[in-house]
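J.: sequence plus predicted model, see below.
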Amino acid sequence: MRTYDLTPFYRSTVGFDRFFNLLDRAATDGSPGYPPYNIERTGENAYRITVAVSGFSQNELSIVAKENTLTIKGEKSVTENDNKADVLYRGIAARAFERAFQLADFVQVKNASLENGLLHVDLVREIPEAKKPRTIPIATSAAAPQVIDGSAEKAAA
């Protein structure tokens, strides 16, 4: 069984704790290793899930993003040509699969592509402006408070 150590990500990122916890939990949920997959970080807020789906065509795969769950399903369609061939050894798995990934808040599927037997699903984390951190200016105590209306000046005179 493969294990992924996400410790370097915990040390170098702040605010993504839940995202990496979900990825860590997805890797250790006891699900079978079929089909194998990779999770890559391709940018500051961009990620890519690559799933090895050799033998599956585009119309045999489905990708569904619902709430914070990304589900990738594959069902091999049975053709008459498969039944006519006398297979001596079947080493290429062609069984149906369903792989689910838990996504963090504000992570959305950007696009998906199938090339050379690999299904690439690109994800992006788009944080709304209201949730982004903002810089607060620090005022010095030497600055005099501003007078809002002229009543204070009249009272001093």
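T.: Sure thing, it's come through.

J.: how close does residue 126 sit to residue 104?
T.: Per CB to CB, to the nearest Å, residue 126 is found 12 Å from residue 104. Backbone N, C-alpha and C define where each C-beta goes, glycine included.

J.: anything in contact with each of the two?
T.: Listed contacts common to residue 126 and residue 104 are nil; contacts here mean CB atoms under 8 Å, 6 or more residues apart in numbering.

J.: tell me which of those two has more neighbours.
T.: residue 104 (18 against 9; other CB atoms under 10 Å).

J.: just say helix, strand or coil for that one.
T.: coil (DSSP: H, G, I helix; E, B strand; the rest coil).

J.: surely it meets residue 67?
T.: No. Counting by CB atoms under 8 Å, residue 104 does not reach residue 67; the two are 11.8 Å apart.

J.: okay, now residue 74: neighbour count?
T.: 21.

J.: so which bits of the helix or strand that contains residue 50 are buried?
T.: Counting by DSSP states H and E, the element that carries residue 50 is strand 46-52. Neighbour-count burial for strand 46-52, counted by 16 or more other CB atoms under 10 Å, picks out 47, 49, 51, 52.

J.: mind giving me the packing neighbours of that strand?
T.: strand 37-41, strand 118-125 (3 or more CB pairs under 8 Å, 6 or more residues apart in numbering; DSSP states H and E).

J.: contacts for whichever strand or helix holds residue 73, please.
T.: Using DSSP H and E, residue 73 sits within strand 69-74. The contact list for strand 69-74, computed with CB under 8 Å, 6+ apart, reads 35, 49, 51, 53, 56, 60-65, 96-103, 109, 119, 121, 123.
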